[in-house]
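**Q** Just a sequence and a predicted model for now, questions to come.
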Amino acid sequence: MTSTEASEALLSSTTARRNLIIGTAGHIDHGKTVLVKALTGRDTDRLAEEKERGISIDLGFAPLTLSDGSVVGIVDVPGHENFVRNMMAGATGVDLALLVVAADDGVMPQTREHLAILELLGVSRGVVAITKIDTVESDLVELVVDEVSELLDETPLVNAPVVPVSAVTGEGIDELRQAIEREASSVRLKDEELPARMPIDRVFTLKGIGTVVTGTLWSGSLAGGQKLELLPQREEVRVRSLEVHDSEREEVFAGERVAVNLAGTPRESVSRGDVLAEPGLLQPTWMADARVRVLADWPRAVKRGARIRFHHGTREVLGRIYPLEGEQISPGQAVPAQLRLEEKVVLVPGDRFVMRSYSPVTTIGGGAIVDAHPVKHRLQDPEALDQFARLESKDAAEMAAVHLQRAGRPLAAAAVARASGLPPSLVYEGLQTLAGAGKAVTFGDGPARLYLWRDRYDRLEEMTVSSLEKYHAAKPLTAGMAKETLKKQLVPDWDARSADIFMDSLEKAGAIEAEGKLVRLPGATAAVTSEQQSALDSIVERIQANLFAPPTVSELAAELGQPRQAASELLAIAEQDGRLVRVSPELYFSSAAVAEIEERLRANISADGITVGDFKNLISTSRKYAVPLLEYFDRNRVTARVGDVRKLR
Ligand SMILES: Nc1nc2c(ncn2[C@@H]2O[C@H](COP(=O)(O)OP(=O)(O)OP(=O)(O)O)[C@@H](O)[C@H]2O)c(=O)[nH]1
Ligand SMILES: [Mg+2]
């Protein structure tokens with residue numbers, strides 16, 4: 001093979017790669033496990049107890065090789081009604097259902113319950129196997145086929161092929177395999193572009209290898225050596241090695257059955273239900289808004305506040321359900337509702353879940369997550385209902401608008417993508433649409449570009465102007481407000497970059513003027529009356545006349561017959577224009593004096609440093625001035641205090 005041929009072969013094998021999961025479903029003893037063995041050669045009942053009792057208890061896994069060579073994963077689930085919880089942990093990643101109904105038993109309770117669960121989880125493709133046809137007359141097989149067709153009517157599996165088989169005689173197995181291949185070719189595959197996420201369905205340790213977790217990779221890809229996050233406990237972990245169907249791999253992709261060896265993670269710190277994900281992206285949550293459906297054959301309405309078991313991924317937590325409108329959800333209804341959970345879970349909008357009753361435990365319904373981080377809603381809150389509708393619309397611009405509005409601060413496209421669960425490319429388009437329509441203000445370019453909801457921007461601009469107006473009115477003698485103070489007042493919870501970008505944009509827009517560390521309204525200057533001006537001049541003169549022993553602020557105020565605050569404001573002006581230096585809150589020196597003192601200090605300080613006494617003599621002044629001056633030089637990093645002396649820095 002030439003290298004071009006080799007790379008073409010590689011290309012076609014990657015483009016042909018269809019990673020998907022087939023999940024069995026059906027009543028106990030209907031022949032699921034035996035059928036999986038007939039298809040794959042593998043017995044998925046591994047536990048001693050399963051062998052002993054002749055039933056499946058937990059999930060089993062087997063690889064099925066298709067005619068094009070691609071390998072899909074089969075998850076075999078238990079049919080026993082006590083193990084529906086395990087069934088759900090397996091059904092959660094399923095793309096294609098293999099519904100099994102025994103010809104000698106027909107449609108039974110868990111046939112219906114499993115089918116309902118698959119539908120709630122959004123599984124819309126499937127194949128039905130009517131098993132054990134060797135045990136009954138062919139008319140009976142026909143009857144069961146009819147019964148199944150009726151069952152599937154008005155479900156997403158209405159067009160699923162129905163294939164009669166016998167695992168004992170092998171009859172129908174080839175037809176079943178072909179039906180599976182046909183259906184598998186049209187399954188919508190999981191998204192490799194989204195961040196990696198894998199709900200863990202098994203944890204075990206291998207001697208000499210350590211902790212291994214397995215699961216179906218819901219999205220993204222994983223590579224050996226990669227850092228991941230274990231959620232909801234938010235623990236950083238590292239992938240040591242990866243396997244798919246017992247063979248080692250460098251990289252694994254969405255839709256594969258994956259075993260991950262975690263480097264240095266003890267067995268006790270992981271359990272079924274935890275999620276392995278790309279680090280730093282997912283915030284565990286204990287509330288979610290969702291469209292919640294109650295099954296049509298559930299016997300009564302679900303009351304507001306009802307306690308339920310919430311099944312998501314491989315996890316089960318208790319919680320309560322609160323419809324956004326109305327006091328209850330009737331059977332057959334699908335309504336917006338808030339879920340308040342008793343433990344944190346890791347949710348992304350679009351995720352499916354199942355609800356079961358607290359006791360006795362049966363499936364009530366389920367739904368799809370619309371908002372993974374809502375606030376608590378009141379009943380009939382029109383704003384909550386409006387946001388719900390916009391988030392559920394799946395329109396990227398609408399969704400981005402809700403997230404920008406809610407954040408109230410500039411967000412990057414990546415952050416909006418995380419909040420919405422949409423692919424970043426779609427979110428980027430949505431944000432551009434908003435910016436184009438003038439609904440969002442943008443800062444910067446490229447992936448670091450930030451988007452701020454326009455109304456919020458306008459509101460903040462108004463607040464800035466009114467803050468500065470108040471400031472100028474209160475302090476007419478100063479040239480502006482410290483920028484840091486304004487930022488803290490206006491956007492205390494923003495990161496520094498966002499706050500600075502926002503200030504810059506106000507300046508560019510001409511709403512404010514900046515000079516050094518100060519900001520002010522355009523054209524605002526320190527308004528000094530001629531009286532104040534002459535008071536100021538006399539103060540500066542008094543200070544300059546007493547170079548090394550100037551009057552204090554209180555003394556100056558007394559001389560002027562003014563409050564101390566008024567003298568301080570005048571002094572601040574002289575400090576800003578550079579005539580005076582503020583050495584302490586009570587003491588201002590002339591700039592010339594401070595320069596002269598610093599020069600003498602540098603010229604006369606020995607390698608052993610200088611004491612306060614020597615310094616006092618050096619400039620012929622008293623302790624009252626010497627101590628604040630030395631502290632001033634310490635602050636300005638001219639000197640450093642070492643014990644009783646000052647040394648040069
Ligand atoms: N005669 C006959 N027996 C079958 C066939 N398929 C399964 N069986 C028998 O039915 C019994 C149950 O089969 P399993 O495959 O364990 O059933 P299951 O659906 O996996 O049961 P659970 O996992 O416990 O829900 C076993 O004794 C099988 O040998 C078949 O096609 N023909
Ligand atoms: Mg079984």
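**A** The structure has been received and is ready for your questions. Ligands and ions are numbered 1, 2, ... in the order given.
**Q** Surely Leu222 forms part of a strand?
**A** Yes - the assignment for Leu222 (DSSP: H, G, I helix; E, B strand; the rest coil) places it in a strand.
**Q** gap between it and Phe61?
**A** 18 Å (Cβ to Cβ, to the nearest Å). C-betas here are computed from N, CA, C, even on glycine.
**Q** Please apply the same query to Glu515.
**A** Counting by Cβ to Cβ, the gap from Glu515 to Phe61 is 69 Å.
**Q** which of the two has more neighbours?
**A** For the pair Glu515 and Phe61, the greater number of neighbours falls to Phe61 (22 against 11), based on other Cβ atoms under 10 Å.
**Q** Give me the buried stretch members for the one helix or strand the more buried one maps to, please.
**A** Remark: Phe61 resides in strand 60-65, with elements defined by DSSP states H and E. By 16 or more other Cβ atoms under 10 Å, the buried positions in strand 60-65 come out as 60-64.
**Q** if we look at that strand, which residues are touching it?
**A** Outside strand 60-65, the residues that touch it by Cβ atoms under 8 Å, 6 or more residues apart in numbering are 22, 33, 36-37, 39-40, 42-46, 71-76, 180, 214, 245, 257.
**Q** Would you tell me what the next helix or strand after that strand is?
**A** Downstream of strand 60-65 (by DSSP H and E), the next one is strand 71-76.
**Q** Just want the angle from that following strand to strand 60-65.
**A** Here strand 71-76 runs at an angle of 150 degrees relative to strand 60-65 (axes from the mean of the first three to the mean of the last three Cα atoms, to 10 degrees).
**Q** any idea whether Val292 is helix, strand or coil?
**A** What three-state DSSP gives for Val292 is strand.
**Q** Now the stretch 351-500 of the chain against ligand 2: closest residue?
**A** Nearest to ligand 2, among the residues of the stretch 351-500 of the chain, is Thr363, at 19.5 Å (Cβ to the ion).
**Q** number of nearby residues for that residue?
**A** The number of residues packed near Thr363 is 21, by other Cβ under 10 Å.
**Q** beta partners for it?
**A** Arg356 (DSSP bridges).
**Q** next one: Ala440
**A** With DSSP bridges as the rule, Ala440 is bridged to Trp453.
**Q** what's the answer for Lys303, then?
**A** Gln328.
**Q** What's the per-residue pLDDT of it here?
**A** Lys303 is assigned a predicted lDDT (pLDDT) of 96.
**Q** just to revisit the earlier point, please verify my assumption that the residue of the stretch 351-500 of the chain closest to ligand 2 contacts Arg356.
**A** Yes - with contact defined as Cβ atoms under 8 Å, Thr363 and Arg356 form a contacting pair (5.2 Å).
**Q** Checking the nearest residue to Pro156 once chain neighbours are set aside next. Helix, strand or coil?
**A** Take Pro156 and drop its neighbours on the chain: the residue closest to it by Cβ to Cβ, 6 or more residues apart in numbering is Ser124, 3.8 Å away. What three-state DSSP gives for Ser124 is coil.
**Q** confidence score at Ser124?
**A** 94.
**Q** And for the one 5 residues further on?
**A** Ala129 is assigned 98 on the pLDDT scale.
**Q** re earlier: I'd like the average pLDDT over the strand holding Phe61.
**A** 95.
**Q** what does stretch 89-102 give?
**A** For stretch 89-102, mean pLDDT rounds to 96.
**Q** What of stretch 267-287?
**A** Averaging pLDDT along stretch 267-287 gives 95.
**Q** Show me what from this protein comes close to ligand 1.
**A** For the chain, the residues in contact with ligand 1 (Cβ under 6 Å from any ligand atom) are 26, 28-34, 55-56, 78-80, 131-132, 134-135, 166-168.
**Q** which among the residues you listed end up buried?
**A** Among the residues of the chain next to ligand 1, the ones that count as buried by 16+ other Cβ under 10 Å are 26, 28-34, 55-56, 78-80, 131-132, 166-167.
**Q** Narrow the contacts of strand 60-65 to those in strands?
**A** 22, 71-76, 214, 257 (DSSP state E).
**Q** Can you report how many residues neighbour Ile130?
**A** Using other Cβ under 10 Å, Ile130 has 28 other residues around it.
**Q** got a list of contacts for stretch 215-225?
**A** For stretch 215-225, with Cβ under 8 Å, 6+ apart as the criterion, the contacting residues are 21, 73, 75, 92-93, 190-202, 228, 238-242, 250-258, 260, 276, 278, 313-314.
**Q** Sort out for me which of these are in strands.
**A** 21, 73, 75, 197-202, 228, 238-242, 251-253, 257-258, 260, 276.
**Q** Show me which of those are buried.
**A** 21, 73, 75, 197-202, 228, 239-242, 252-253, 257-258, 260, 276.
**Q** quick one, what contacts Glu147?
**A** By Cβ under 8 Å, 6+ apart, the contact list for Glu147 reads 101, 106-107.
**Q** Quick check: the two most widely separated of the buried residues of strand 60-65?
**A** Gly60 and Leu64 (12.8 Å; Cβ to Cβ).
**Q** So what touches stretch 412-431?
**A** Residues from elsewhere that reach stretch 412-431 (Cβ under 8 Å, 6+ apart): 191, 193-195, 281-282, 348-351, 372-373, 391, 394-400, 403-404, 407, 440, 447-451.
**Q** Oh, that last question was meant for stretch 273-280, not what I typed.
**A** 89, 195-200, 213, 215, 220, 227-233, 236-237, 260, 282, 313-316, 346.
**Q** Now that we have these, which of them are buried?
**A** By 16+ other Cβ under 10 Å, those give 89, 195-200, 213, 215, 220, 228-232, 237, 260, 282, 313-316, 346 as buried.
**Q** So for the residue lying closest to Ile543 once chain neighbours are set aside, what's the pLDDT?
**A** Counting by Cβ to Cβ, 6+ apart, Ile543 lies nearest to Pro550, which is 4.3 Å off, once chain neighbours are set aside. Pro550 carries a pLDDT score of 95 in this model.
**Q** do Asp537 as well
**A** So, for Asp537, pLDDT stands at 88.
**Q** Also the one 5 residues further on?
**A** As predicted, Arg542 sits at a pLDDT of 92.
**Q** In contact with it, which residues?
**A** Arg542 sits in contact with 550-551, 556, 559, where contact means Cβ under 8 Å, 6+ apart.
**Q** What subset of those is buried?
**A** Neighbour-count burial (16+ other Cβ under 10 Å) applied to these gives 550-551, 556.
**Q** so can I have TSV of those residues showing secondary structure?
**A** As requested, the buried ones among the contacts of Arg542 are exported to TSV (three-state DSSP):
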residue	secondary structure
Pro550	coil
Pro551	coil
Leu556	helix
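**Q** Of those residues, which is the nearest to Asp537?
**A** Closest to Asp537, out of all of these and judged by Cβ to Cβ, is Leu556, at 12.5 Å.
**Q** what does the stretch 201-350 of the chain put close to ligand 2?
**A** On the criterion Cβ under 5 Å from the ion, ligand 2 has no neighbours in the stretch 201-350 of the chain.
**Q** again with the chain
**A** Residues of the chain lying near ligand 2 (Cβ under 5 Å from the ion): 32-33, 56.
**Q** tally of neighbours for Val348?
**A** Using other Cβ under 10 Å, Val348 has 20 neighbouring residues.
**Q** From Gly215, how far out is it?
**A** Distance, Val348 to Gly215, by Cβ to Cβ: 16 Å.
**Q** How about Lys394?
**A** Between Lys394 and Gly215 the computed distance is 26 Å (Cβ to Cβ).
**Q** Contact partners for the residue of the stretch 501-649 of the chain found nearest ligand 1?
**A** For the stretch 501-649 of the chain, the residue closest to ligand 1 is Ile501, as judged by Cβ to the nearest ligand atom, at 59.4 Å. By Cβ under 8 Å, 6+ apart, the contact set of Ile501 is 410, 443-444, 450.
**Q** wait, Ser498 sits on Leu490?
**A** No - using Cβ under 8 Å, Ser498 makes no contact with Leu490, being 11.5 Å away.
**Q** Which pLDDT does the model give the nearest residue to Leu151 once chain neighbours are set aside?
**A** Spatially, and ignoring its direct neighbours in sequence, Leu151 is nearest to Val107 (5.4 Å; Cβ to Cβ, 6+ apart). Val107 carries a pLDDT value of 97.
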